[in-house]
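S.K.: I would like the atomic coordinates for the input below:
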Amino acid sequence: MLDDIRAIVGDRYLLTGDAAAPWAVDATGKVQAAPFAVARPASTAEVAALIRWAAAAGRAVVPAGGLTGLTGATAAGGALVISLDRMNRVREIREEARTVTVEAGVILTKLHETVEARGLSFPLTFGARGSCMVGGFLSTNAGGSNVLRYGNTRDLVLGIEAVLPSGEVLDLMTGLHKNNSGYDLRHLLIGAEGTLGIITAAVLKLVPKPCAHATAMLAPRDLPAALTILNAVQGDSGGAVEACEFMPGDYVEAYARLHPEHGMPFDAPHPVNVLMELGSTVPRDSTPGPEGAVPLVARFEAILERFFEEGLLVDAVVARSEAQRRVMWARREAAAEVAGTRSPRVTNDVAVEVDRMDEFISRADAVLARVDPGAGRSIVAHLGDGNIHYTVWPGTLDEAEQDRMVEAIEDIVVDMRGSFSAEHGIGSFKLNSMARRKSPVALETMRAIKAALDPQGIMNPGKLLP
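M.R.: Predicted coordinates:
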């Protein structure tokens with residue numbers, strides 16, 4: 001078997017034993033599953049040949065990118081891992097069409113840097129951008145901080161190329177904005193977590209690179225006041241708000257303990273802390289006036305003054321330099337670091353309607369206190385899209401009790417017609433949640449699609465579908 005794989009990718013790019021160890025774990029540390037082997041193809045043709053071999057041999061296949069997932073989606077015990085890390089070319093940038101064609105192994109930060117050199121931007125961003133890869137964020141339909149303005153991954157993809165479980169290549173590599181010619185197979189594969197095939201390349205949308213940012217830490221009176229401020233700033237700025245991130249007081253204090261060099265965002269602690277950022281592509285917004293003020297920042301400050309007068313805003317600090325802006329973002333993007341200060345931990349990645357986030361947090365805190373009085377929790381949230389990362393540090397090591405805690409939180413989410421998975425995906429960790437909460441009709445439809453495309457069940461088995 002190894003000789004067959006070696007003939008496809010070459011001896012140097014077939015890894016076994018200790019050499020394959022990095023693919024036996026993931027970012028959570030919960031996955032400990034040694035793969036049969038790791039193949040690192042350099043082209044779509046090699047990926048297709050590997051899939052054809054796996055289909056003939058009846059060998060399970062697990063696609064892998066930057067291994068930054070949080071749901072166990074790359075657990076690969078005994079499977080052939082196909083790592084896309086060598087397929088890392090930015091094939092083409094079409095500046096006038098504002099598209100970029102990339103392979104699945106391109107790291108997100110590299111993509112950012114490459115297109116920004118052309119005065120353009122790929123607006124998807126999150127904390128793992130320095131290691132996550134295109135194929136990974138497509139396969140999980142990643143969200144991040146800029147969903148408020150630019151949407152999820154699906155909203156940023158025009159075309160994809162994928163190798164199906166049969167080994168055939170599905171070529172949907174088009175830059176068309178409109179294509180109403182049957183089922184949208186592109187969107188079917190995005191978010192499928194490698195269970196329907198392996199995405200090998202994509203055509204992505206680009207936007208003009210912002211020439212000015214206005215970034216601030218805000219202390220609203222409460223969470224509903226934060227949403228009122230967000231909506232008003234969106235209206236007054238013509239929709240310029242790119243991100244609006246919520247951090248409660250205990251999270252901010254925990255970060256300050258980890259990074260005392262950054263200190264606290266305000267002179268006094270506040271229970272509600274919000275990072276808000278506006279972006280503009282209009283040159284006049286970035287050209288300082290006679291007094292040296294950047295117009296976008298000055299306009300943002302003028303908007304905020306009204307909320308002080310109305311009592312909606314208690315405190316605010318506006319970034320005066322790029323260094324200050326980076327500290328503000330470092331605080332928000334340290335969510336995994338803060339959550340990792342205690343173990344074990346149970347991650348709840350939920351979504352509710354944006355005007356009910358405060359209700360969810362209050363109800364979840366009450367349930368947590370009742371179900372597990374010894375538990376703690378850490379929260380960060382994307383205020384603009386209703387996505388709450390409610391991480392629990394359980395007071396028990398009993399996995400059954402931990403699952404009961406998750407189920408209790410899910411009860412709240414379901415009652416509020418929310419989602420138990422907002423942006424992290426399902427993988428293997430949330431299979432119980434899928435079985436409990438997903439509509440039986442939806443599950444049967446998904447199983448029918450899986451069976452039609454992957455009748456042998458070789459593509460990332462044991463993931464997504466309970």
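S.K.: so for Arg89, what's the pLDDT?
M.R.: If you check Arg89, the pLDDT there is 98.
S.K.: and the nearest residue to it once chain neighbours are set aside, how far from Gly292?
M.R.: The shortest distance from Arg89 to any non-neighbouring residue, by Cβ to Cβ, 6 or more residues apart in numbering, is to Glu103 (5.0 Å). In short, each C-beta sits where N, CA and C put it, glycine included. Glu103 is 44 Å from Gly292, where distance means Cβ to Cβ, to the nearest Å.
S.K.: what does Ile51 show for phi and psi?
M.R.: Phi and psi for Ile51, reported as degrees, to the nearest 10, are phi -70, psi -40.
S.K.: quick one: residues contacting it.
M.R.: Residues near Ile51 by Cβ atoms under 8 Å, 6 or more residues apart in numbering: Val61, Ile82, Val163, Leu164, Pro165, Ser166, Gly167, Ile198.
S.K.: ok so, going back, could you give the bridge partners of the residue nearest to Arg89?
M.R.: Ala201 (DSSP bridges).
S.K.: tell me the pLDDT at it?
M.R.: With respect to pLDDT, Glu103 has a value of 98.
S.K.: Gly127 too?
M.R.: pLDDT at Gly127 comes out at 87.
S.K.: cool, and Gly72?
M.R.: Looking at Gly72, its pLDDT stands at 89.
S.K.: can you give me the neighbour number for it?
M.R.: For Gly72, the neighbour count with other Cβ atoms under 10 Å is 20.
S.K.: tell me the spacing between it and Lys205.
M.R.: Gly72 sits 30 Å away from Lys205, going by Cβ to Cβ.
S.K.: could you do Ala243 as well?
M.R.: 18 Å.
S.K.: just His213 next, same as before
M.R.: Counting by Cβ to Cβ, the gap from His213 to Lys205 is 20 Å.
S.K.: kindly state the domain boundaries assigned to the protein.
M.R.: Segmentation of the chain into domains, based on automatic domain parsing, reads 2-83, 90-208, 212-335, 342-424.
S.K.: more neighbours: which of Glu103 and Gly292?
M.R.: Taking other Cβ under 10 Å, Glu103 and Gly292 do not tie; Glu103 has more neighbours (23 against 6).
S.K.: that one against Asp85, yeah?
M.R.: No - Glu103 sits out of contact with Asp85 when judged by Cβ atoms under 8 Å, with a separation of 10.1 Å.
S.K.: where does Glu161 sit, in terms of helix or strand?
M.R.: Glu161 belongs to strand 157-163 when elements are defined using DSSP states H and E.
S.K.: residues in contact with the residue nearest to Arg89?
M.R.: By Cβ under 8 Å, 6+ apart, the residues touching Glu103 are Leu84, Met87, Asn88, Arg89, Val90, Arg91, Val134, Thr200, Ala201.
S.K.: ranking by neighbours, what's the top pick from those?
M.R.: Busiest of the contacts of Glu103 [other Cβ under 10 Å] is Val134, holding 32 neighbours.
S.K.: for that residue, give me its contacts.
M.R.: Contacts here follow Cβ under 8 Å, 6+ apart; on that basis Val134 touches Gly65, Val102, Glu103, Ala104, Gly105, Val106, Leu108, Leu111, Ile199, Ala202, Leu204.
S.K.: these two touch, right, the first one and Leu138?
M.R.: No - using Cβ under 8 Å, Gly65 and Leu138 do not qualify as a contacting pair, with a distance of 9.1 Å.
S.K.: shared neighbours of the two, anything?
M.R.: Overlap of the contact sets of Gly65 and Leu138 (by Cβ under 8 Å, 6+ apart) consists of Ala104.
S.K.: can I get the CA coordinates of stretch 17-25 in CSV?
M.R.: What follows is stretch 17-25 as a C-alpha-only set of coordinates in CSV (Å, rounded to 0.1, in the frame of the first residue of the first chain):
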residue,chain,number,x,y,z
GLY,A,17,5.5,6.7,12.1
ASP,A,18,7.2,9.6,14.0
ALA,A,19,7.2,11.7,10.8
ALA,A,20,3.4,11.6,10.8
ALA,A,21,3.1,12.5,14.4
PRO,A,22,2.1,16.2,13.8
TRP,A,23,-1.1,15.0,12.1
ALA,A,24,-2.1,12.8,15.0
VAL,A,25,-3.1,15.8,17.1
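S.K.: what does it contact?
M.R.: 15, 31-35, 37-38, 64, 67, 74, 76, 81, 83.
S.K.: change it to 7 Å
M.R.: The contact list for stretch 17-25 (Cβ atoms under 7 Å, 6 or more residues apart in numbering) reads Val31, Gln32, Ala33, Ala34, Pro35, Ala37, Val38, Ala64, Ala76, Val81, Ser83.
S.K.: could those residues go into JSON lines alongside secondary structure and distance to Gln402?
M.R.: As requested, the contacts of stretch 17-25 are exported to JSON lines (DSSP: H, G, I helix; E, B strand; the rest coil; distance: Cβ to Cβ, whole Å):
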{"residue": "Val31", "secondary structure": "coil", "distance to Gln402": "17"}
{"residue": "Gln32", "secondary structure": "coil", "distance to Gln402": "18"}
{"residue": "Ala33", "secondary structure": "coil", "distance to Gln402": "20"}
{"residue": "Ala34", "secondary structure": "coil", "distance to Gln402": "25"}
{"residue": "Pro35", "secondary structure": "coil", "distance to Gln402": "27"}
{"residue": "Ala37", "secondary structure": "strand", "distance to Gln402": "33"}
{"residue": "Val38", "secondary structure": "strand", "distance to Gln402": "31"}
{"residue": "Ala64", "secondary structure": "strand", "distance to Gln402": "27"}
{"residue": "Ala76", "secondary structure": "coil", "distance to Gln402": "24"}
{"residue": "Val81", "secondary structure": "strand", "distance to Gln402": "28"}
{"residue": "Ser83", "secondary structure": "strand", "distance to Gln402": "31"}
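S.K.: show me which of those is closest to Ser280.
M.R.: Closest to Ser280 out of the contacts of stretch 17-25 is Ala64 (38.3 Å), distances taken as Cβ to Cβ.
S.K.: and for that closest one, the neighbour number?
M.R.: The local packing of Ala64 (other Cβ under 10 Å) involves 27 other residues.
S.K.: that one: what's it in contact with?
M.R.: Ala64 neighbours (Cβ under 7 Å, 6+ apart): Trp23, Thr74, Val81, Ile82, Ser83.
S.K.: distance to Ser433 added to the domains of the chain, as JSON lines?
M.R.: What follows is the domains of the chain, written out as JSON lines (distance: least, Cβ to Cβ, whole Å):
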{"stretch": "domain 2-83", "distance to Ser433": "10"}
{"stretch": "domain 90-208", "distance to Ser433": "14"}
{"stretch": "domain 212-335", "distance to Ser433": "21"}
{"stretch": "domain 342-424", "distance to Ser433": "5"}
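S.K.: for those domains, which one sits closest to Ala452?
M.R.: domain 90-208 (9.5 Å).
S.K.: how long is that closest one from one end to the other?
M.R.: Taking Cα to Cα, to the nearest Å, the first and last residues of domain 90-208 lie 18 Å apart.
S.K.: next one: that domain to chain centre, how far?
M.R.: Mean-position distance between domain 90-208 and its chain equals 13 Å (Cα atoms, centre = their mean, to the nearest Å).
S.K.: then stretch 222-230?
M.R.: 24 Å.
S.K.: mean confidence for it?
M.R.: Averaged across stretch 222-230, pLDDT comes to 97.
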